[in-house]
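Q: Sequence first, predicted model second:
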Amino acid sequence: MSKKVIIELFLFFAFLCLLMPLSGGFVFDIGEWRSWALHIHEHGITHIYESNANYPPVIMYFLYIYNLIQGSAQKIADNIYYFKIIPIIFDLLPIILLVIFKKTYELKKGYYYFLLFNIAYLYNSVIWGQLDSIHSNLILTAIFLSLRYPAIAMMIFVLALNMKIQTIIFLPIFLMSFITKTVSTKEFLKSILAGSVLQIIIVIPFIIAGTFNQLSVIITSATTIFPFASMNAFNIWHIVLNENPMDVLDSTASIIGLSYKQIGLFLFFTISAITLFPLIIKTIRISISKKTPKNYQELLFLTSGLIALVFFFFNTQMHERYSHPALIFLFFYGLYKGNFILYMLTSIAYFLNMEKVLRHFNWSYHTFIFENRTIAYLFLIILIIGIINIYRNYIFKEDFIFVKNKFLKKDGQVISKNTV
């Protein structure tokens with residue numbers, strides 16, 4: 001990394017730290033960080049799940065570090081807004097990746113400013129005070145490195161999973177990118193071992209303290225905390241429901257006898273399968289031919305961004321922040337493709353959704369552009385454009401022919417269709 005880039009990143013980090021509001025933010029989230037940090041201060045990190053904490057353990061480790069730096073309960077409470085510095089650090093992670101692998105990306109000078117100066121990208125960390133940039137950029141890093149350093153990638157994915165449970169939606173994509181690189185049994189086992197060891201390290205303090213059961217209960221009950229059609233995510237439920245989705249239990253039966261939650265899950269899995277299909281075909285072809293096409297990473301990032309949006313758009317219980325990973329993946333897709341339209345549209349939709357909820361800038365929110373349904377339809381348009389792009393640009397007849405022929409071979413001869 002050049003000295004110039006290091007200085008630029010340091011100055012930008014300092015600028016963001018000076019810019020971040022030391023008040024405001026989303027009051028509920030900021031209050032949770034304060035409450036959990038104080039509980040850790042009084043009872044230790046291994047007893048955090050005896051409080052109302054409902055996040056996985058990596059966040060608690062970050063709060064533990066914050067607790068050590070502050071030193072006293074008074075400072076922990078008074079300086080909680082400085083906790084934003086941790087996700088701001090992770091906001092810079094994609095730029096570090098780009099610079100380190102500059103030759104691989106053939107990155108034109110200054111492209112990363114499209115990300116660094118995007119208010120939508122920084123809103124979550126700097127203004128809102130949430131931590132979605134941490135797991136989003138860990139997932140990005142894991143998928144990026146899976147094509148190069150699978151063991152390290154596996155460990156980073158484990159970190160992301162222990163940061164936010166919804167990381168699990170990226171597991172199929174991670175595994176597909178992972179197996180294109182991990183071709184030997186030895187390398188595969190090494191990667192699995194590395195991830196397993198890290199997972200044990202993360203949870204072993206809770207096991208020793210006898211509080212692991214409390215942690216596991218938090219993880220398994222994550223989908224029952226906010227059982228509503230939507231938690232301010234302007235998605236399909238703001239289009240199809242006449243009442244406020246935050247006032248509608250997702251267990252409510254619809255006209256076809258299924259609950260909103262069941263319908264949401266069905267749509268999520270169905271649209272996810274459609275979105276993933278081209279990547280699956282490409283991955284099978286790569287695993288057979290041992291040759292990775294130049295546009296495979298484009299497809300990886302585009303598919304990852306769209307999966308994040310599919311998860312956000314169709315499921316119930318979604319928060320406004322859950323589309324955050326789409327921003328970073330679609331930015332990387334734009335870098336590869338040379339087309340930032342999807343990234344810009346997603347940035348607009350995400351910013352409007354976040355600002356409509358937080359109202360940080362105190363604008364007029366009774367206009368057409370801030371209508372819940374307007375923002376929801378914008379997300380829908382992005383999904384439609386993205387899926388069309390996948391099938392138009394990344395799936396070809398020869399992919400099917402290649403995969404079909406390889407699977408229909410027997411003893412070096414292609415089996416006729418009549419005998420299959």
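A: Yes, it's here. Numbers count the residues shown, from 1 in each chain.
Q: I'd like to know which elements the helix or strand harbouring S196 is packed against.
A: Assigned by DSSP states H and E, S196 belongs to helix 185-209. Secondary-structure packing of helix 185-209 (3 or more C-beta pairs under 8 Å, 6 or more residues apart in numbering; DSSP states H and E): helix 57-70, helix 150-161, helix 212-220. All C-beta atoms are positioned from the backbone trio N, CA, C, and that covers glycine.
Q: any idea which of these is most buried?
A: Burial of the helices and strands packed on helix 185-209 is given as mean neighbour count (mean count of other C-beta atoms under 10 Å); helix 150-161 ranks first at a mean of 23.
Q: Burial check on I390, number of neighbours?
A: 21 (other C-beta atoms under 10 Å).
Q: Contact partners for the residue nearest to it when sequence neighbours are not counted?
A: Take I390 and drop its neighbours on the chain: the residue closest to it by C-beta to C-beta, 6 or more residues apart in numbering is P278, 5.2 Å away. For P278, the contacting residues are L299, T303, I390, Y391, Y394, I395, by C-beta atoms under 8 Å, 6 or more residues apart in numbering.
Q: Of the residues you listed - the most surrounded one?
A: For the contacts of P278, counting by other C-beta under 10 Å, the largest number of neighbours falls to T303: 30 neighbours.
Q: follow-up on the earlier one: which one of the helices and strands packed on helix 185-209 has the lowest average pLDDT?
A: By mean pLDDT, the lowest-scoring of the helices and strands packed on helix 185-209 turns out to be helix 212-220, with a mean of 85.
Q: Can you list the neighbours in contact with it?
A: Surrounding helix 212-220, the residues in contact under the criterion C-beta under 8 Å, 6+ apart are Y49, E50, A53, N54, Y55, P56, P57, I165, V203, F206.
Q: what about burial for those, which qualify?
A: Y49, A53, Y55, P56, P57, I165, F206 (16 or more other C-beta atoms under 10 Å).
Q: Return the distance of the fifth one relative to Y333.
A: In this case it means P57. Taking C-beta to C-beta, to the nearest Å as the criterion, P57 is separated from Y333 by 31 Å.
Q: ok, now the last one?
A: According to C-beta to C-beta, F206 and Y333 sit 38 Å apart.
Q: so which strand or helix has the residue nearest to I390?
A: Counting by DSSP H and E, the element that carries P278 is helix 260-289.
Q: Next up, phi/psi of N232, please.
A: Here is the backbone geometry of N232 (degrees, to the nearest 10): phi 70, psi 20.
Q: dump the residue contacts of it.
A: By C-beta under 8 Å, 6+ apart, the residues touching N232 are M246, H319, E320, N353, V357.
Q: Identify the residue spatially nearest to T374, adjacent ones excluded.
A: Leaving aside its sequence neighbours, T374 sits nearest to F368 (C-beta to C-beta, 6+ apart; 5.9 Å).
Q: circling back: want to throw the contacts of P278 into CSV with distance to L193?
A: Formatted as CSV, the contacts of P278 follow (distance: C-beta to C-beta, whole Å):
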residue, distance to L193
L299, 29
T303, 28
I390, 34
Y391, 38
Y394, 33
I395, 35
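Q: helix, strand or coil for A77?
A: For A77, the secondary-structure state derived from DSSP: H, G, I helix; E, B strand; the rest coil is helix.
Q: if we can go back for a sec, how about the contacts of helix 212-220 in a markdown table, adding distance to F13?
A: Conversion of the contacts of helix 212-220 to a markdown table gives the following (distance: C-beta to C-beta, whole Å):
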| residue | distance to F13 |
| --- | --- |
| Y49 | 32 |
| E50 | 35 |
| A53 | 28 |
| N54 | 30 |
| Y55 | 25 |
| P56 | 26 |
| P57 | 26 |
| I165 | 29 |
| V203 | 31 |
| F206 | 32 |
